[in-house]
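J.: Need the 3D shape of this:
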Amino acid sequence: MSTTTVETSADVTERSPAGTPGKTRGRGKRGPLASLASHGILTVAGLIALFPIAWLVFLSLGPDKDDYLHPGRIWSKMTFDNYTFVLQNTNFFDWLKSSLIVSLGTTVIGVMIAATTGYAVSRMRFPGYRKFMWVLLVTQMFPIAVLIVPMYQILSELQLIDTYLGLILVYCSTAVPYCAWLLKGYFDTIPFEIDEAGRVDGLSPFGTFARLILPLAKPGLAVAAFYSFITAFGEVAFATTFLLDDQKYTLAVGLQSFVSEHDAQRNLMAATAVLIAIPVSAFFYLVQKNLVTGLTAGGTKG
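T.: Modelled structure (predicted):
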């Protein structure tokens, strides 16, 4: 009569050879070489991104307009005279005021329109709601050269040529379609049960949107605000066409004043470009915490 021996896991472990390999690397963990390679690639990418900025700052310290041809000579004669000249002898602060008025106006109006549009398409089912979003997307296909003439005629009939409001409305026509798509995708990630809870508590549709949904959509709103601000702050073609008074020029248009038909004061242009970057950097610092979250969440649905 035969007997059957049952081996436990402890017995198998005791009899396993001493030379068994160590612990295996967990899923998602990188080895030292992979970590070193990824850090090296990120470092190189960071240097490549920072080089144009550092080069612009370096050229802005050269006192002569032709120093960009011989950058090595700048080391021995660095000066901040270019910044002094731009701040004291140009309309820089008028340009800055105009840029902030237009950019902040575009941001506030554009984000308000885009948020209500994105929320309506995300939550409400009205006839043609899908086609409506595609129509907004199609408006982005037309180049600026095609839009300038009809927009000029419209603003002229409304007596909005050479006004901040006219330029803000023009920029909103560019920023709103993209921001509406972005926010629609972000609103899709917010559970619909929150809207239902607001209705149960007696809130109107707009009250639900303003008091419950908007606080949850701060990352998406931050991305939309940043895009709207950048769109208006750095645009040149529309601002050059619709602003006639040099006191109302934006920074991007004022920068062109350093370029004439036969000459270009590149040292002053470099100094002005560095000063222009300061407001944008400050705005980016204010919204940076929500940018990544808003971009990734807004792309998960819709």
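J.: Check which residues of the strand or helix carrying Tyr119 are buried.
T.: Taking DSSP states H and E as the definition, one finds Tyr119 inside helix 92-123. By 16 or more other C-beta atoms under 10 Å, the buried positions in helix 92-123 come out as 92, 94-107, 109-111, 114-115, 117-123. For glycine as for every other residue, the C-beta is placed from the backbone atoms N, C-alpha and C.
J.: what's in contact with the next helix or strand after it?
T.: Using DSSP H and E, the next helix or strand after helix 92-123 towards the C-terminus is helix 129-138. Outside of helix 129-138, the residues within contact range by C-beta atoms under 8 Å, 6 or more residues apart in numbering are Thr117, Ala120, Val121, Val176, Pro177, Ala180, Trp181, Lys184.
J.: ok and helix 129-138 relative to helix 92-123, angle-wise?
T.: Helix 129-138 runs at 150 degrees relative to helix 92-123, counting by axes from the mean of the first three to the mean of the last three C-alpha atoms, to 10 degrees.
J.: Output helix 129-138 as PDB, restricted to C-alpha atoms.
T.: The C-alpha coordinates for helix 129-138 follow below in PDB (Å, rounded to 0.1, in the frame of the first residue of the first chain):
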ATOM      1  CA  TYR A 129     -25.500  70.600 -29.500                       C
ATOM      2  CA  ARG A 130     -22.900  68.300 -31.100                       C
ATOM      3  CA  LYS A 131     -22.800  70.300 -34.400                       C
ATOM      4  CA  PHE A 132     -22.500  73.500 -32.400                       C
ATOM      5  CA  MET A 133     -19.100  72.400 -31.000                       C
ATOM      6  CA  TRP A 134     -17.900  71.400 -34.400                       C
ATOM      7  CA  VAL A 135     -18.900  74.800 -35.800                       C
ATOM      8  CA  LEU A 136     -16.700  76.400 -33.100                       C
ATOM      9  CA  LEU A 137     -13.900  74.100 -34.200                       C
ATOM     10  CA  VAL A 138     -14.300  75.000 -37.800                       C
END
